[in-house]
Structures are given as structure tokens and as C-alpha cells.
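**Q** sequence first, then the predicted structure, then my questions.
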Amino acid sequence: MTNVTGGKYKKNLVTYIDILGFAGQIEKSRNDEPTVRKIASLLEEIKTQASLGPVGTSTSEKLAFRTFKFSDLLVRATELGESFEIAHLVDLELLSLSMLQFSFAKKDVLIRGGVCVGDLFVSQDSTIVFGPALVKAYRLESEYAVYPRIVIDRDLHAKLDPPKQKKMSWPEFVARGEDGAYFLDYLFGQSLYTSPAAILGAHPTPQPGLEAHMGMILRGVKQIQENPDTSERVKQKFMWLALYHNRTITRLQERFEPVLQTLYDEISKFRIPDHFLNF
């Protein structure tokens with residue numbers, strides 16, 4: 001029996017994630033054992049990665065981090081301890097989420113989600129989880145994200161003062177859409193900070209990641225063009241991805257232009273041509 005003795009709400013940073021297109025994959029798998037195995041392997045991989053705590057934390061920081069798995073849905077919850085500032089915790093969480101989202105986007109797996117801070121109850125054995133923060137994170141994902149993006153709650157964003165420490169990079173991992181929603185800018189952040197060269201303190205090398213991300217989008221567009229019955233909802237998702245990709249190319253060029261003309265020129269070839277956007 002689950003132990004709920006002394007249970008109470010505690011403040012947590014909560015992320016709710018959904019794998020897009022999962023229902024369609026399930027439908028295709030009815031009489032296809034290889035597809036069943038592929039789905040099972042995918043779920044295991046994404047949930048293993050999502051179960052890793054925020055990047056950059058050490059055992060001495062003693063974060064109360066938990067993950068909860070429900071088929072194609074998962075929840076990450078990190079309790080706000082007294083020693084942690086919200087901005088620092090968000091910094092770590094967004095870096096972790098950007099790595100997760102970018103990694104699976106390159107494998108043609110798109111995710112959507114919501115991030116917020118609020119009250120959450122977690123039983124001692126982590127078998128029961130509920131609370132206002134979970135409801136809010138779910139609503140951010142289901143009602144506001146719309147596209148393959150992880151939306152960041154406006155109330156949470158308002159609590160994030162400009163970083164006083166140079167090592168904090170969360171502003172580079174946050175963008176604002178035309179609809180006013182803040183979301184995880186995984187492609188820009190990953191291109192700047194997590195390439196092997198950038199990790200070693202050298203100039204970033206975003207070309208391989210940009211090429212892989214472009215390839216994912218072009219494969220999706222090709223499927224849309226070959227299937228006249230593709231839903232408008234799917235078309236909308238890939239149109240958003242293509243425009244987001246090209247905006248990121250522009251932003252990276254603006255960042256590199258003053259000092260890295262060669263890199264500026266190289267990444268221009270990863271821009272998705274306009275004729276691919278006519279679908």
C-alpha cells in the first residue's frame with residue numbers, strides 16, 4: 001500500500017512531455033511486430049534519457065528529482081530546496097530538456113511539453129503524483145504548445161531575473177513565439193553551447209547538428225508531399241519547424257558575423273530553401 005503519511009504539497013519545477021504522433025504509430029503496429037518492438041525501444045530510450053537529473057548537478061547538491069512514466073507521456077519533477085535559486089534550477093532543467101529534444105528531433109521523434117513551478121504532491125515511494133503544478137504543466141502542453149515545442153510558463157519566466165553569473169545560460173535557451181508564448185529554444189542553445197568544440201571552450205561547431213535537424217524536417221516535408229491525405233495539423237507542425245529552423249540559422253549568423261565569417265558562410269547552406277515550404 002502506498003505510504004502517504006504526512007503528505008503535503010511542496011514547490012516543484014515540473015515538466016510535462018508528450019511524444020507527438022504516437023497514436024498513429026500505435027495504429028500502424030496492430031499487425032506489425034517489428035513496429036511494436038521499435039515503439040518499445042523508442043519509449044525505453046526517451047524515458048531513460050528523461051530520467052536523468054538536470055545536467056550539471058552533482059551528488060552534493062542533493063536535488064529531489066523524480067520522473068513518472070505513462071506510456072508516451074512523462075513528467076519530470078524537481079523539488080525546490082532552500083539552497084537552490086529558481087533561475088539556477090531552470091538553467092539546469094532547460095539544458096537537460098534541450099539535449100533531450102534535440103537528440104530525438106534528429107531521430108524524427110518530435111516532442112511537446114510544458115514547464116512550470118508550483119505545488120506538487122509526491123508519495124514517499126513515488127507511485128502517486130498530483131497537484132496544481134501537474135495540471136498546469138499538462139495544460140501548457142495540451143492547450144498552448146500546439147507545435148513541437150516545450151512551453152515555459154509566463155509566471156515562471158517572470159521570476160527569472162537576468163543571470164548575475166556568467167555561467168548561467170538559460171536566456172539563450174528561451175525564445176518567444178509570435179503568439180506570446182515562451183518556449184525552449186533547443187536548436188539555438190544546442191548550436192551555441194553543446195557542440196564538442198564549444199564544451200572545450202573553442203568556437204562552436206553547429207554544422208553537424210544543423211544538418212541533421214534540416215534532414216529531419218526535409219524527410220517530414222517529403223512524406224507530406226507524397227501523401228495528399230496528410231492532415232493540416234501535421235502540415236502545420238512541419239511548417240512551424242521549418243520556419244523555426246530558418247530563424248535559428250539567421251540568429252546564429254547574426255551572432256557569428258562579427259568574428260566568425262567562415263562559420264557564418266558555412267551554416268547558410270543549412271537553410272531550408274523557400275520552395276520546400278510550399279506544402
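**A** Nice, I can see it. Numbering: from 1, shown residues only.
**Q** so Gly189 touches Glu172, yeah?
**A** Yes: under the criterion of Cβ atoms under 8 Å, Gly189 makes contact with Glu172 at 5.1 Å. Bear in mind the C-beta positions are built from the backbone N, C-alpha and C, glycine included.
**Q** how many neighbours does Leu160 have?
**A** By the criterion of other Cβ atoms under 10 Å, Leu160 has 18 neighbours.
**Q** helix, strand or coil: sort out it for me.
**A** The three-state label given to Leu160 by DSSP: H, G, I helix; E, B strand; the rest coil is coil.
**Q** please report how far it lies from Met214.
**A** 31 Å (Cβ to Cβ, to the nearest Å).
**Q** next: Leu110.
**A** Counting by Cβ to Cβ - Leu110 and Met214 are separated by 15 Å.
**Q** okay, helices next: where are they in the chain?
**A** 22-28, 33-50, 86-105, 132-139, 154-158, 186-193, 196-199, 207-226, 232-256, 261-267 (DSSP state H).
**Q** elements contacting the last one?
**A** Contact here means 3 or more Cβ pairs under 8 Å, 6 or more residues apart in numbering; DSSP states H and E; on that basis helix 261-267 packs against helix 207-226, helix 232-256.
**Q** isn't Phe183 right up against Pro148?
**A** No: counting by Cβ under 8 Å, Phe183 does not reach Pro148; the two are 9.9 Å apart.
**Q** those two: which is more packed in?
**A** Phe183 (25 against 21).
**Q** any idea how far the more buried one is from Val174?
**A** Counting by Cβ to Cβ, the separation of Phe183 from Val174 is 7 Å.
**Q** need the per-residue pLDDT for Pro258.
**A** Note on Pro258: pLDDT of 63.
**Q** rewinding a little: need the residues touching each of Phe183 and Val174.
**A** With contacts taken as Cβ atoms under 8 Å, 6 or more residues apart in numbering, Phe183 and Val174 have Ile152 as neighbours in common.
**Q** for the most centrally placed residue in the chain, which non-adjacent residue is closest in space?
**A** Taking Cα atoms, centre = their mean, the centroid of the chain lies closest to Gln101, which sits 4.0 Å from it. Nearest residue to Gln101, sequence neighbours excluded (Cβ to Cβ, 6 or more residues apart in numbering): Tyr186, at 4.4 Å.
**Q** then Met214?
**A** Using Cβ to Cβ, 6+ apart, the closest residue to Met214 is Phe270 (5.1 Å).
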